[in-house]
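*Asks:* kindly return the folded structure for what I paste below:
(2 chains)
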Protein chains: 2
Amino acid sequence: MPGARDLKICVIGAGSMSFMANLVRDLAVTGGLHGATLALMDVDPERLKMGYSLAKRYFEAVKADYRLEATMDRREAIRDADFVINLAFAIGYSNLGAMIEAAERHGYYRGLDATEWNMVNTYPTFTAYKQYVVALGIAEDMLELAPDAWLIQVSNPVFEISTLLYRRTRGKLKIIGYCHGAVGGVELLARRALGLDPRRVEFQVAGFNHVVFLTRFRYDGEDAYHLIDEWVEKRFEEFWRGTVLGPWEETLSRAAVDMYRLYGLYPVGDTARSGTWKYHRDLRTKQYWYGPLGGVDSEIGWAIRLLLNRRAMERLRRLAFDPNVDILRELPPTKSGERIVDIIDSIANRVERRLILNIPNKGALSRVPPDVFVEVPARISGEKITPEQVEPLPSRLYSYVLYPRLERLEWALEAFEAGSRELLVDILMRDPRTRSYEQAREAVEAVLNLPFNEDMRRHYR
Amino acid sequence: MPGARDLKICVIGAGSMSFMANLVRDLAVTGGLHGATLALMDVDPERLKMGYSLAKRYFEAVKADYRLEATMDRREAIRDADFVINLAFAIGYSNLGAMIEAAERHGYYRGLDATEWNMVNTYPTFTAYKQYVVALGIAEDMLELAPDAWLIQVSNPVFEISTLLYRRTRGKLKIIGYCHGAVGGVELLARRALGLDPRRVEFQVAGFNHVVFLTRFRYDGEDAYHLIDEWVEKRFEEFWRGTVLGPWEETLSRAAVDMYRLYGLYPVGDTARSGTWKYHRDLRTKQYWYGPLGGVDSEIGWAIRLLLNRRAMERLRRLAFDPNVDILRELPPTKSGERIVDIIDSIANRVERRLILNIPNKGALSRVPPDVFVEVPARISGEKITPEQVEPLPSRLYSYVLYPRLERLEWALEAFEAGSRELLVDILMRDPRTRSYEQAREAVEAVLNLPFNEDMRRHYR
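*Replies:* Numbers count the residues shown, from 1 in each chain, chains lettered A, B, ... in the order given. Predicted structure coming up:
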């Protein structure tokens, strides 16, 4: 790994409203990376300009020494990079919304991709088509132009994309999938539900991205899972009556508690957004399990999310361009809580850290194939990533949760690799919302016929 | 292995209408086993008497030298046995029918157990409860009283029972699962569809019991899969218009052809009875895919099956007791086509044979765990069973067919081992027929509350 002066960090999707502000903030306060080149790339010139201006303005304000580049040419951005961060969300929220609407007209509530153990708003099969194409393009460019670089895959679906790229490149590409959901979920559980100080909590989680369970929970070094049990048994009902859960707070939902009772470990982060159709059949059902919003993936949650997106974009624009903004007050030069820059720092500067990462399984979860990406704590220092010995999972967690989720990955990737429209329909033949073959076929056609899906229509013959 | 004079073959469920006549016939013509003891056991004294009388009468008629024993004491039958053949179908057709009716009253067409990739009339979860208990009892008795004996598991669900026993005994019990479906299916395809002489066909099949696909098809030593393609493409529609498929002829159904097109290999035997709900949603759908009967698992097929069962019982009774029956004309002393006795002969007398068997995977199917039973051709001679190197399966066959089927085994066994009623309900939460949690819960209660299911109700708390 070169010294920071020779380091190149490439960001694909540098107009990302979810991650850019925190990324520049963390880069600014990570002295060990100062001097590096930050190559920003986006297909949208407006967004690229915004990401660039934000970074430039912030680095100047905090006197962080980065060489900034901006380009719409992906190959140029990737060439000779040491790290490639993929933040791209190619479908976009507006088109995703149109896909959900088209599917709902054919009887598929919340879109064709909403499925058992993956009800989250970014989906494995249909929505992800453009994500797969973009990520495969990045992987191809990396193998050619930056073969030793690490890909940090942040945009969703992290589980499918990481596994797809790993298989396609036969393990040659160095890939880490990153998600902040599990850590956030455990903190929420500790603080809001149990009234604990998250800094004194030590925990271990394991599973797949968005399907992670708490395998260890300690407070001041002592096993504290019994505090969760106590909350669930004695205090949850009272908590629930007085609470309106916000988006991404589903770790504290009635659905989470139900999953814990059924499957034996507490689900954290985005996990409780999923589950079977038990929790998702319609808005009323969602509201029973997730409170008045019906969770972030309901139609109400979706509308709120669009509003939050608009605000995030407005904020980013202000931070990038508004001369009246005091950027250091809006974005104080302290760590954001995201760990993307920590991953880079640990690899580039051999700063050992324990992080929750998505990495190839290779035995971390005993009953999962080695070429599947799992989300587990790992020690990372230099090029060496060592997954932690994970506590054994209850066997029902494999059969009722992890296998069904993995199966949906396999369906999605198989259909994608085969380019088979009939397999897309066959996925829906296994969907509880399907009433007939004709319905499934027509719904697939409707989504493929949306004007922005022409590439997808040509791919799935 | 002792000489035939010291050999003991035990039959559990010796009143079986499906297998007993062929079993005594094959024993009679297998000289290498003459002199052995045949210990018949059944919980029903009438049926036991019938099985015993049939065997006695037939062995006398053909002058086959077997020492016959009959007992209602399972332990006595198993003690010192070299082979235990399990034919027991503990639930019985009448109670199975009552379970299907109770489930249909709650919106579960063809019973709670009818499920993707296992629509066949004997089911993994609910129906199989008594089967699991009986088989586990046999396994326990064998480990204590006949630890070197082979269990030949014939009664269904072969897939679940074999895998359950193998896991519970940590591989200590020697188990072979046996099913005649795949061989019969290939013969039907060769003869009726392709007009070939089955004796000149050489084939290989692979998968799980009742989910097996033709991985190799040769005629006179030459690859002949193209003959299937030609039939499917050019002659199937004409064939289909003129055909009324009988029960167990689903290998030639429109559903089989559709599965072949979708998944890449031709499904044989009981395989085409299953698939997704695409083929099974209601009687009309079943009739479209399986012809006027709607397949053997439709309500029509079920009625026909009850009729055939009655006739089989009547025939067995006549063969056993009617002095006017010319038993050698009704049951000529030639091989029946079943291979149970061949398995025993191959092991006991080291007569090498290639048979389609259900055995622990151990690498035969590359992407299936080692402790799962697969149905593949194997060389068997003495105690050595060597699975054939199986042609690689299309990867979509794993993701769309074998994994979903395996998943349902895991759900069933997990719920059984945990004795968890909530997991039974959770299985139904993944079922396309479920409209609400309440419906699923009430349906489970209704089936558990049937008077003959009291043991099951106590088990699933």
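
*Asks:* what about the host helix or strand of A:Asp141, distance to the chain center?
*Replies:* For A:Asp141, the host element (DSSP states H and E) is helix A:129-145. Relative to the mean C-alpha coordinate of its chain, helix A:129-145 is positioned 18 Å out (CA atoms, centre = their mean, to the nearest Å).

*Asks:* stretch A:148-156 now?
*Replies:* So, by CA atoms, centre = their mean, the centroid of stretch A:148-156 is 12 Å from its chain's centroid.

*Asks:* what of stretch A:304-323?
*Replies:* Relative to the chain's own centre, stretch A:304-323 is displaced by 20 Å; criterion: CA atoms, centre = their mean.

*Asks:* do stretch A:15-33 as well
*Replies:* Remark: stretch A:15-33 is offset 17 Å from the chain centroid, using CA atoms, centre = their mean.

*Asks:* and stretch A:395-403, by the same measure?
*Replies:* With CA atoms, centre = their mean, you get 21 Å for stretch A:395-403.

*Asks:* now what about that stretch, what contacts it?
*Replies:* Stretch A:395-403 is contacted from outside by A:117, A:207-208, A:211, A:213, A:262-265, A:365, A:367-368, A:393, B:403, B:407, B:410-411, B:413-414, B:417-418, B:420, B:423, B:426, using CB atoms under 8 Å, 6 or more residues apart in numbering or on different chains. In this view, the C-beta of every residue, glycine as well, is placed from N, C-alpha and C.

*Asks:* buried ones among these?
*Replies:* A:117, A:207-208, A:211, A:213, A:262-265, A:365, A:368, A:393, B:403, B:407, B:410-411, B:413-414, B:418, B:420, B:423, B:426 (16 or more other CB atoms under 10 Å in any protein chain shown).

*Asks:* please list the residues of the stretch 301-450 of chain A that sit near chain B.
*Replies:* Those residues of the stretch 301-450 of chain A that sit near chain B, judged by CB under 8 Å from any CB of the partner chain, are A:367, A:369, A:395-396, A:398-400, A:403-404, A:407, A:410-411, A:413-414, A:417-418, A:420, A:422-423, A:426, A:429-432, A:434-437.

*Asks:* next step: those restricted to helices.
*Replies:* If you go by DSSP state H, those have A:395-396, A:403-404, A:407, A:410-411, A:413-414, A:417-418, A:422-423, A:426, A:437 in helices.

*Asks:* can you tell me which of these is nearest chain B?
*Replies:* Nearest to chain B among those: A:Glu410, at 3.7 Å, using CB to the nearest CB.

*Asks:* residues contacting the closest residue to A:Leu331 other than its chain neighbours?
*Replies:* In this structure, A:Leu331 finds its nearest non-sequential neighbour in A:Arg25, 5.4 Å apart by CB to CB, 6 or more residues apart in numbering or on different chains. By CB under 8 Å, 6+ apart, the contact list for A:Arg25 reads A:Tyr58, A:Leu331, A:Pro332, A:Pro333, A:Thr334, A:Lys335, A:Ser336.

*Asks:* which of those has the most neighbours?
*Replies:* Neighbour tally across the contacts of A:Arg25 (other CB atoms under 10 Å in any protein chain shown): the maximum, 24 neighbours, falls on A:Tyr58.

*Asks:* list the helices and strands the strand or helix carrying it packs on?
*Replies:* Assigning secondary structure by DSSP H and E places A:Tyr58 in helix A:45-62. Helix A:45-62 sits against helix A:20-29, strand A:37-41, strand A:67-71, helix A:299-321, helix A:327-330, with contacts defined as 3 or more CB pairs under 8 Å, 6 or more residues apart in numbering or on different chains; DSSP states H and E.

*Asks:* number of nearby residues for the residue of the stretch 1-150 of chain A found nearest chain B?
*Replies:* As assessed by CB to the nearest CB, chain B sits closest to A:Glu116 within the stretch 1-150 of chain A, at 6.2 Å. A total of 21 residues lie near A:Glu116 under the criterion other CB under 10 Å.

*Asks:* residues contacting it?
*Replies:* A:Ser274, A:Gly275, A:Thr276, A:Trp277, A:Pro404, A:Arg405, A:Arg408, B:Arg430.

*Asks:* I'd like those residues laid out as CSV, including neighbour count and pLDDT.
*Replies:* What follows is those, written out as CSV (neighbours: other CB atoms under 10 Å in any protein chain shown; pLDDT from 0 to 100):
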residue, neighbour count, pLDDT
A:Ser274, 26, 95
A:Gly275, 28, 97
A:Thr276, 25, 97
A:Trp277, 24, 96
A:Pro404, 23, 97
A:Arg405, 21, 97
A:Arg408, 24, 96
B:Arg430, 22, 95
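
*Asks:* which of those residues sit farthest apart?
*Replies:* A:Trp277 and A:Arg405 (14.2 Å; CB to CB).

*Asks:* A:Arg379 is in what secondary structure piece?
*Replies:* Using DSSP H and E, A:Arg379 sits in strand A:373-381.

*Asks:* distance between the helix or strand following that strand and the chain's centre?
*Replies:* Sequence-wise, the next helix or strand downstream of strand A:373-381 (DSSP H and E) is strand A:384-387. Its chain's C-alpha centre and that of strand A:384-387 lie 21 Å apart, by CA atoms, centre = their mean.

*Asks:* do stretch A:143-150 as well
*Replies:* 23 Å.

*Asks:* measure that stretch end to end?
*Replies:* End-to-end distance of stretch A:143-150: 10 Å, with CA to CA, to the nearest Å as the criterion.

*Asks:* average pLDDT for that stretch?
*Replies:* Averaged across stretch A:143-150, the pLDDT comes to 98.

*Asks:* quick one: contacts of it?
*Replies:* A:10, A:75, A:78-84, A:142, A:169, A:172-176, A:344, A:347.
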